[in-house]
Each structure stands twice: as C-alpha cells, then as structure tokens.
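K.L.:
Build me a model:
(2 chains)
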Number of protein chains: 2
Amino acid sequence: MYIDFEETSKILKNAKDAVIITHQSPDGDCVGAGFGLKDILSELGIRSRVVCSDPFPKRYDFITSIGAGEEFEPQTIISVDVADTQLMGKYEKIYGDRVDLCIDHHVSNKNYAKKTLLNADAAAACEVIYDLAKYMGVNITRHCAMSLYTGMATDTGCFKYECTTARTHEIAAEMKRTYDINFAKINRCMFDVKSKGKMRLEARAVDLFEERLDGKLVILAVTQKMMKELGVEIEELEGLAPLTIQLETAEVGILIREKADGELKCSFRSADKVDVSEIAQTMGGGGHVKAAGCKMRGDIEYVKDCLTEAVRKALV
Amino acid sequence: MYIDFEETSKILKNAKDAVIITHQSPDGDCVGAGFGLKDILSELGIRSRVVCSDPFPKRYDFITSIGAGEEFEPQTIISVDVADTQLMGKYEKIYGDRVDLCIDHHVSNKNYAKKTLLNADAAAACEVIYDLAKYMGVNITRHCAMSLYTGMATDTGCFKYECTTARTHEIAAEMKRTYDINFAKINRCMFDVKSKGKMRLEARAVDLFEERLDGKLVILAVTQKMMKELGVEIEELEGLAPLTIQLETAEVGILIREKADGELKCSFRSADKVDVSEIAQTMGGGGHVKAAGCKMRGDIEYVKDCLTEAVRKALV
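P.N.:
Predicted coordinates for the structure are as follows:
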C-alpha cells in the first residue's frame, strides 16, 4: 500500500528497535539513505541498525563510521532504496516478507512492503528522506545532511543525469546554505579519486568496447578470466557502466560482469532517448529510465546477441 | 572601477552596437556568457556581436548557431569572463584599452575596464549575468537560459567543484522549473561524449603521469612531439587537466602543453587544500583557487622543477 508523508511520519514516530535494510552491492544512495534515516530515528529517540548483505565500500567511511548500530531483536522493519526483496541478498529470507515500511524512488518498486512511501520523480531515495524529515520537522544533523547529499549526488552523477530535478538542486542549495560541509571533497571522493589500478582499468575499457548497431550500442563485457588477468575484483568494475555511453555514437551502453558463479550482471545506460528500464524489465530486471540492470545466465556471446536484439527493437 | 547591478543595468540599457569580447581558448562559461548577454541585449533592442580570438569549438554549436552577429562599427565595448586583456588574443590590440564594461567572476580580474561588475563568489560569469538579468527584469529566453546553464555547469564540473555555490544550485533549480530544456543532453555533450581518439588519449594519460612530492603532485606534460605521435591537436588536450588530480594521493595536478612556438601552457588543479591561483600568480598567471593557469618558456624539465618547488612550498 502506498502512503504519504503524514502516514510515514506516524510509522517512524511509533517505530521501536528498527532495522534499516539497504540493497546488496550498496551504492551512495542506499548507504546515504540508510544512515540518514538512522540519524533521523536517533533524533526521535529511536534506536536502529543499518544492515546490508554486502560490506559497505571504504569510500563511504565518512558516512558509516558512526557505526551501523548495536544488535537487538528488531520490532520495526524498514527498507530504503530497495525496489525488490531479491535485492536484499541474505536479508531477503529473514525480513523479505515482513517489511513494515519501504522508502524508495524506483518506478520499478514491487510494492512488497506493508506500507510504501514512493516518489518515483525523486532523483534519489535520499531526496525522499530529506523531504520527509523536513515535513516531520525533525532536526537534520550535519552527518545526516552529508549522508543524504551523497545519495543525491551519486544517483544523479553529480547533478548530471536527467533524473536530476529542480528539487534536487533546491535541496543541495539549502544544504549549502545551512551546513559547513566540504561538498567538493565528497564529490571528489565519489567521482574523481581513483587508484592507479582503477585508472589503468578504465584506460583499457575503451579497447574492450564492442560496438554494435552502427555504434549505437556499446557492450563492455568483463569475464572472470579478464578480471584475473587485470588483477581486479568485480566490485571495482562498478564505475565502468557510465563509460559505455561516452562514445559519441552510443545511444545505449551495456556493462556485463561475469560473477564467480557464472551469473552475468548486466548494467544498462541510456544516453538520451531509450528507456533502458523497459529493456531490463523484459529480462527480469529493473531500474530507472536511464540506468537499469538485470541478471542473466548462459553463454556470454548468446546473451550479448539477445541484448543487442532487445536494444535494436528499442531503438526503432 | 567596480560597479553594482544598478549601474551595470544603466550601461547595458544605454549601449549601442555592442561588441562582446570573450577570452581566447574559449570555454563553456565565456561562450555561454557571450551569447547569453547577446540574447539579453536583443531583448533590450540592442544589436551586438560576440567576438573571440579563436573559433568556437563545435560542441557549443547549440549556443553559437544563432550567429555571432553582423559586422558594424561598435559603440559599446563589453568583455565577459575576461580577467585580463592579454586573454583577448588578437582583440587585445583593437579593444584592450577601451573596454566600457567588464562582467566577470575571476578574483584575479585586472580591473582593466572603465567599469567592472565583478562577483568573485559566483561560480561562473554566466551566474553573474543571470542574476543581472533577473535584477533588470529582462526576459530570459530559452536560448539564453541554455547558454547560461552551460557556463555554470562547465565552470563547476557539473556542480562538483568547491566553486559551486548555493546560488548556482538555486539558479539551476529555477531554470529546471521554468524551461523545457534537455539539461542532461547538454551535460552529456559537455562532460561525457568523446571521440574514440580522445578516449584513447585519456587512456594513455595515466601512463604519462609523473608523480612528484610523494605523489602529492602529478604532472602530465604533453610535448609537440607526443601530440604528433598520438595524432591529436593541442585543443583536444583541454579536458586532461582534471585527470591530474584523480589519483588518490594527488593534492595538486599540473597539465603542461607545449605549443607549436615552444610556449608551455600550464594548467593547475587543486584537489582540496592548496590555492593554485596563488602559485599561478607567482608565475605571472592567474585563475581560481582550485583551477588556474600560466604560460612559461624554457626547458620543460627546468619548468617542471620550478613548478614542483612552488607546489612544495604551497604544501607546507
């Protein structure tokens, strides 16, 4: 059931010993939303714990360093930025069928929770949480603002992508006026800082580009074998997806990462016109209009051909 | 003499057959400011012509396609985003000593014009011009908004750098609410789209990095010989400067480009703490706290050592 700010605020105020579930392969938005909401619950005097099926990447240390929260038997189950219980990883079995409240911005949200606050127009779950906190009149601490800014910045490619709304910019403006936060340092850490290994990896990506459909589709497939040769972990490949649409001709880009168990993680990016969430949904995945994903199995060349066909249809 | 919005608005309203001078090696801010101001003068019924010592790069076609303006004997000389008459290139001799109005945001502005509207806190000259137009109550056309947005986006690295102010975000929000503009397409064109040659060039940059001062300084020097080998023009190297501070350890990055006449164009970037405009000024250049530049001559290795010494001092 979809609910509004008023009903969400009632649930939060009455929450007790809350667990906040973020999605696997955590990104800036779910980390920011999870810890930002934890700060808000703290302000309400409610203890909470943020959980994630995967470890939080080191670059979010400035957010996660406050600690995920102590162990307790949760009474209120909340998920943030989680469109589907499948994305909870190992927490799906434990909490998947008893989520009290989901706060999300994915148009593909499966409406799995008892109550869902969904704003599919928001650029980030963090944007929804900021507006919720403002509605509730809860104090937004500096740490909370830093966390929420991070989610808004990362989900919009630093205000670059189409999902960026007027409201996203307004919130950033409000934060800049209110808090003494080194936003540029956060941005540098999120978007620019790289190890030499990662720079080399990105440097090689262009040579691995496979252009299809007259260059309108660019596929970058990285197999386990290639990862071993390059000496990189699959997590380090996260940032390669946007590179697939940097080529002038590219309308759609697909990054395919082969997991150790042979599963193929496909990340779609759209340059301008194509709705890649539609393509991902036909493959059992989901996401946003300009950035989506799905998981596939089978021969990688066959998968590439299937995806190419799907993109060809979408380009018509 | 520094003047305010009121006096600037009087000068603009009384302008006649205006020439608008932008700086050489044009970037998004001077192109956006030049053509944005041209639109504003048009609204006031005043004809104008935008001039630049170098051709406008193709990626700004969506701004410049309205035409730079017809030939006439100018009565009012205006410069935008030009901190120093030296930056006018071939127009310095013609107009350098008789600029009626300069609109700028560079803290290093030489105050060369009869009247100067300077807001060194603004992220871009385009931001100053937007606020000026609002103050004057002039209609801001869609083309004008596109032009001014482009300048704000490019000078802030798409709202990423420290120079981004609350006001920058507010203006972006106002524009998003007011105009039907594909901002994401502009951003993609400014920041992401690359030819395969440029991608390859950037890919090679990492191998050309020279780390000094325990990696706190990264120098990327591209000589004429190297450009010939890579098959690239000096203009194509413009975007390499930000790459020099992507390395985790980098506090300062310097891109050195050797021009055909042997002059060395040095572009400085600061990751966080160092004020590179100070370093550039000691070398006869100028710019912003986080992005500055200067021109030098002499043996390239000797120049590198001089710059290293200047950075070493700044890092203390």
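K.L.:
and the gap between A:Leu37 and chain B?
P.N.:
For A:Leu37, the distance to chain B (CB to the nearest CB, to the nearest Å) stands at 23 Å. Yep, even glycine has a C-beta here, placed from its N, CA and C like the rest.
K.L.:
ok, that residue - contacts?
P.N.:
By CB atoms under 8 Å, 6 or more residues apart in numbering or on different chains, the contact list for A:Leu37 reads A:Ile20, A:Ser48, A:Ile78, A:Val80, A:Ile103, A:Ile129.
K.L.:
How about the contacts made by the fifth one?
P.N.:
Contact partners of A:Ile103, counting by CB under 8 Å, 6+ apart, are A:8, A:33, A:37, A:78-81, A:116-117, A:125, A:128-129, A:132.
K.L.:
need the contact list for the residue of chain A positioned farthest from its centre.
P.N.:
Ranking residues of chain A by C-alpha distance from their mean position (CA atoms, centre = their mean) puts A:Asp214 at the top, at 30.4 Å. For A:Asp214, the contacting residues are A:Thr249, taking CB under 8 Å, 6+ apart as the criterion.
K.L.:
picking up where we left off before, just the buried ones among the contacts of A:Ile103, please.
P.N.:
A residue is treated as buried here by neighbour count (16 or more other CB atoms under 10 Å in any protein chain shown); on that basis the buried members of the contacts of A:Ile103 are A:8, A:33, A:37, A:78-81, A:116-117, A:125, A:128-129, A:132.
K.L.:
any chance of the residues you listed in JSON lines, plus pLDDT?
P.N.:
As requested, these are exported to JSON lines (pLDDT from 0 to 100):
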{"residue": "A:Thr8", "pLDDT": "98"}
{"residue": "A:Ala33", "pLDDT": "98"}
{"residue": "A:Leu37", "pLDDT": "98"}
{"residue": "A:Ile78", "pLDDT": "98"}
{"residue": "A:Ser79", "pLDDT": "98"}
{"residue": "A:Val80", "pLDDT": "98"}
{"residue": "A:Asp81", "pLDDT": "98"}
{"residue": "A:Thr116", "pLDDT": "98"}
{"residue": "A:Leu117", "pLDDT": "98"}
{"residue": "A:Ala125", "pLDDT": "98"}
{"residue": "A:Val128", "pLDDT": "98"}
{"residue": "A:Ile129", "pLDDT": "98"}
{"residue": "A:Leu132", "pLDDT": "98"}
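K.L.:
from the residues you listed, which is closest to A:Ala145?
P.N.:
Of all the buried ones among the contacts of A:Ile103, A:Ile129 has the smallest distance to A:Ala145: 11.0 Å, by CB to CB.
K.L.:
The closest one contacts A:Leu101, correct?
P.N.:
No. The pair A:Ile129 / A:Leu101 is not scored as a contact, 11.7 Å apart, by CB atoms under 8 Å.
K.L.:
picking that back up, now render the buried ones among the contacts of A:Ile103 as JSON lines, adding distance to B:Asp275 and secondary structure.
P.N.:
As requested, the buried ones among the contacts of A:Ile103 are exported to JSON lines (distance: CB to CB, whole Å; DSSP: H, G, I helix; E, B strand; the rest coil):
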{"residue": "A:Thr8", "distance to B:Asp275": "45", "secondary structure": "helix"}
{"residue": "A:Ala33", "distance to B:Asp275": "35", "secondary structure": "helix"}
{"residue": "A:Leu37", "distance to B:Asp275": "38", "secondary structure": "helix"}
{"residue": "A:Ile78", "distance to B:Asp275": "44", "secondary structure": "strand"}
{"residue": "A:Ser79", "distance to B:Asp275": "45", "secondary structure": "strand"}
{"residue": "A:Val80", "distance to B:Asp275": "39", "secondary structure": "strand"}
{"residue": "A:Asp81", "distance to B:Asp275": "38", "secondary structure": "coil"}
{"residue": "A:Thr116", "distance to B:Asp275": "48", "secondary structure": "strand"}
{"residue": "A:Leu117", "distance to B:Asp275": "44", "secondary structure": "strand"}
{"residue": "A:Ala125", "distance to B:Asp275": "37", "secondary structure": "helix"}
{"residue": "A:Val128", "distance to B:Asp275": "38", "secondary structure": "helix"}
{"residue": "A:Ile129", "distance to B:Asp275": "36", "secondary structure": "helix"}
{"residue": "A:Leu132", "distance to B:Asp275": "39", "secondary structure": "helix"}
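K.L.:
Which single one of those is nearest to B:Lys176?
P.N.:
Ranking those by separation from B:Lys176, with CB to CB as the measure, puts A:Val128 on top at 17.9 Å.
K.L.:
residues in contact with that closest one?
P.N.:
Taking CB under 8 Å, 6+ apart, we find A:Val128 in contact with A:Ala33, A:Ile103, A:Asp104, A:His105, A:Leu117, A:Asn119, A:Ala122.
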